[in-house]
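S.K.: sequence below, structure please.
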Amino acid sequence: MTLRFPLDGGRIGLEMYPTALRACLKTRRESLRGEFFIDGLPGNDAWPAFVIESLAQVKIAGDPYTGAFAAGHTMRSSPSANAFAFETQRVEREGGGLQIFTTIRNPAGHRIEHRLTRRTGDRAVEILVEFFNDADVPVTLEMLASFALGGITPFAPDDAVGRLRVHRFRSVWSAEGRLDTRTVEQLHLERSWSGAAALSERFGQLGTMPVRKWFPFVAVEDVEAGVHWGAQLSWAGTWQMEVFRQNDDISLSGGLGDREFGHWMKTLAPGESLAAPPAWISCVHGTLDDLCDRLTAMQNRAAGTHPAVECDLPIVVNEWCTTWGDPAHEKVVAIADRLKGTPARYLVIDAGWYKGATTDWSSGHGDWVPSPTLFPDGLAATARAIRERGLIPGLWFEMETVGSQSTAFSLVDHLLKRDGRPITVRERRFWDLNDPAAIDYLTEKVINLLESAGFGYLKVDYNETAGLGCDDPDSQGEGLRKQVLGTYRFFEKIRERLPGLVIENCSSGGHRLEPSVLGLTAMSSFSDAHELVEIPIIAANLHRLLLPRQSQIWAVLHRADSDQRLLYSLAATFLGRMCISGEITALSAAQWELVLRMQELYGKAAPIIRDGTSRRFGVMGESWRRPTGWQAVVRTAAASGRALVVLHSFASPPEAIHIQLPEAPNGKWKIDEAFPGRPQLTDGILTWTEPEPFSASVLLLSSQ
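M.R.: Got it, this is the predicted structure:
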């Protein structure tokens, strides 16, 4: 990639393009002169066609707002941002990496430092923007973006009619990661005839579930040039992305939700500073998958910081869909007995272990007192029994919230408030994670319990969002920002106190699947679609957004399941981390033998899941709840010359499925193992003949 920082009259921007296409760059038109509707106007105005957008988008309270009919739709390209002028830039290089520090300043004495980092081996860059109040009076911010990337597309001399598309990923509960692709024209971002209107597609989400409507991701594609530009935010609170246009080019920006979108303002005293959440940006001459590979690869660094037991992607067993909130010592031990000597490594006790005589699992959490009825000898005895059978015991907490049936629900002085009242959502309230008393309470109830009882695995659930914000002297959005930072600190405290603990992120399944929480946890529950036929679809979607090594896929097994259904469920787990639940102790000997065979096959596939690159094939209808057609995911590990193929058919599959495999690293592909063994491979084409509806097959390939 080539980065360039165009400078015009003090305003400095940021652009990027694939270096290999340098010769394809076009000289931009400078003016709209030549268009009949411009030339026919009186006067000699320049009518610029292209204007450099600042690489740091900011809005200061008291300054005029963005004009061009944009107020209420966007706060970027404001007079505040345009008042900052270039001051210095320096480049520091170390090995194959570099950092570029760009400083801009306004006449009021405010400074912004833009830090762009590329580490050795990365194919994307990280941007961190920090605002410094060097003035002698306070300043209040209404917007501070994490990144701003302009000049899209440099491969067209004009407004690139008909060649730009915007890619986003939608998300709702149990249906995460639907690709949403629209042309710029369909988004109504076609530039106005004179440039008098500023246009913005501003989207994002409010609250503490960052993947509740959209993933914090955006990409723009120049179809004619074959180039994608994209960005991903690393933030677990309210965020926004913008696709902005006033002139010929498209600009992307994103970060904290601003005052208009996220109810956010922040006052900085003299000498104070504020850093926006990090963002990753990249571009590639290639496909959307190629761009996503570059961005998700940035997650590898944090993924490698978790306990060494995670290196071979161990199999998880969770009893949630076995007991449905009614775990007990004898039930858990019975599961452990069946798992003894198998490839499974973690056995997790899910919600309900704290239930009292008059409480249930969903609203009784918060006091965290183990049930003497369910666990008469205490949790430590159950954890010890699990370890005696060769497994690592795990325990569920929803530690950031309290249920209405708990005593903690009444501790309002230590809970988040809005308008002076505790924020209550579906019988849940939220600890104030900037309150030392709340942190002390959670340290005792969560960390100390895990340590004293001997657990090696923590499942962190989070089943509601705190909404638009909470009380704070600056703004409700700022209160929410501080709450997110408190969440990060408590996760870090857990990791510091219990360095060998494996942590799972489960936020009603997939509501916190963004880089910051992914980095703090070893793996994440991909969805709450526990036993639905759309599981393979959702699991495949997420290959574009997070590392499969961190994506925990559930297979809920039942004694009434046919072998075909068991295989359909188990095959989906090869799209990430295998997690098994359901009627584990009730399966027949033959069914359990099938499960063990898939577990063994998964162990062989794990290195490819950990280090491969995925490509998806298939023809499917629009419905996920009633899917039709078929899907295949081919994941290739180039370094080892191996590949994993996961095939699923849905309703009304074709008579034969043909897949042209990616080129083999070394010669030709051959099938090492296939289960069930129906597909055939000839000259690089994989053929699956007469697949049954809702069936599956898993193949391991090697190149020779």
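S.K.: need the longest strand for the chain.
M.R.: Taking DSSP state E as the criterion, the chain has its longest strand at strand 139-152.
S.K.: give the next helix or strand downstream of that strand.
M.R.: With elements assigned by DSSP states H and E, the helix or strand that comes after strand 139-152 is strand 164-172.
S.K.: just the pLDDT at V556, thanks.
M.R.: The model reports V556 with a pLDDT of 98.
S.K.: hang on, it packs against S569?
M.R.: Yes: the pair V556 and S569 passes the contact test of CB atoms under 8 Å, sitting 6.6 Å apart. Any C-beta I mention is one placed from the backbone N, CA and C, and that applies to glycine too.
S.K.: give me the more crowded residue out of the two.
M.R.: S569 (27 against 21; other CB atoms under 10 Å).
S.K.: wait, what's in contact with the nearest residue to the more buried one once chain neighbours are set aside?
M.R.: In this structure, S569 finds its nearest non-sequential neighbour in A555, 4.1 Å apart by CB to CB, 6 or more residues apart in numbering. Taking CB atoms under 8 Å, 6 or more residues apart in numbering as the criterion, A555 is in contact with 569-570, 572-573, 578-582.
S.K.: so in that sheet, which strands flank the helix or strand where A555 lies, and in what orientation?
M.R.: Assessed by DSSP H and E, A555 sits inside strand 551-557. Using DSSP bridges, strand 551-557 pairs in its sheet with strand 523-525 (parallel), strand 577-582 (parallel).
S.K.: okay, the most centrally placed residue in the chain: pLDDT?
M.R.: Centrality entry for the chain: nearest residue to the mean C-alpha point is E514, 2.7 Å, by CA atoms, centre = their mean. Listed pLDDT for E514 reads 98.
S.K.: tell me where the model's unsure across this protein.
M.R.: Within the chain, no stretch falls below the threshold (pLDDT under 70).
S.K.: ok, back up a step: so how far is R495 from the residue nearest to the centre of the chain?
M.R.: The span separating E514 from R495 equals 18 Å under the rule CB to CB, to the nearest Å.
S.K.: just D8 next, same as before
M.R.: From D8 to R495 the distance is 46 Å (CB to CB).
S.K.: looking at the two now, which is surrounded by more residues?
M.R.: Ranked by neighbour count (other CB under 10 Å), D8 and R495 place R495 first, with 17 against 11.
S.K.: and that one, what element?
M.R.: helix 476-497.
S.K.: tell me what that helix is packed against?
M.R.: Applying 3 or more CB pairs under 8 Å, 6 or more residues apart in numbering; DSSP states H and E, we find helix 476-497 packed against helix 259-262, helix 436-442, strand 502-505, helix 515-520.
S.K.: list the residues that contact A336.
M.R.: 347, 385-386, 389, 391.
S.K.: are we agreed that it is in a strand?
M.R.: No: secondary structure of A336 (DSSP: H, G, I helix; E, B strand; the rest coil): helix, not part of a strand.
S.K.: if I look at the residue lying closest to it once chain neighbours are set aside, how far off is K459?
M.R.: Of all residues not flanking A336 in the chain, R389 sits nearest, at 4.3 Å (CB to CB, 6+ apart). As for R389, its distance to K459 is 19 Å (criterion: CB to CB).
S.K.: check A279 too.
M.R.: 29 Å.
S.K.: and for R559?
M.R.: Using CB to CB, R559 is found at 25 Å from K459.
S.K.: what's the answer for H285, then?
M.R.: 41 Å.
S.K.: between the two, tell me which one has more neighbours.
M.R.: Here H285 and K459 are compared on neighbour count by other CB under 10 Å; more neighbours surround K459, at 26 against 17.
S.K.: so which strand or helix has the more buried one?
M.R.: Assigned by DSSP H and E, K459 falls in strand 457-460.
S.K.: by contact count, what packs against that strand?
M.R.: strand 344-349, strand 392-397, strand 502-505.
S.K.: check which helices and strands the first one sits against.
M.R.: The contact analysis (3+ CB pairs under 8 Å, 6+ apart) places strand 344-349 against strand 315-318, helix 329-339, helix 379-388, strand 392-397, strand 457-460.
S.K.: can you do 6 Å?
M.R.: On a contact count with 3 or more CB pairs under 6 Å, 6 or more residues apart in numbering; DSSP states H and E, strand 344-349 meets strand 315-318, strand 392-397.
S.K.: CSV please, covering the ones you listed and showing distance to P422.
M.R.: Formatted as CSV, the helices and strands packed on strand 344-349 follow (distance: least, CB to CB, whole Å):
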stretch, distance to P422
strand 315-318, 31
strand 392-397, 20
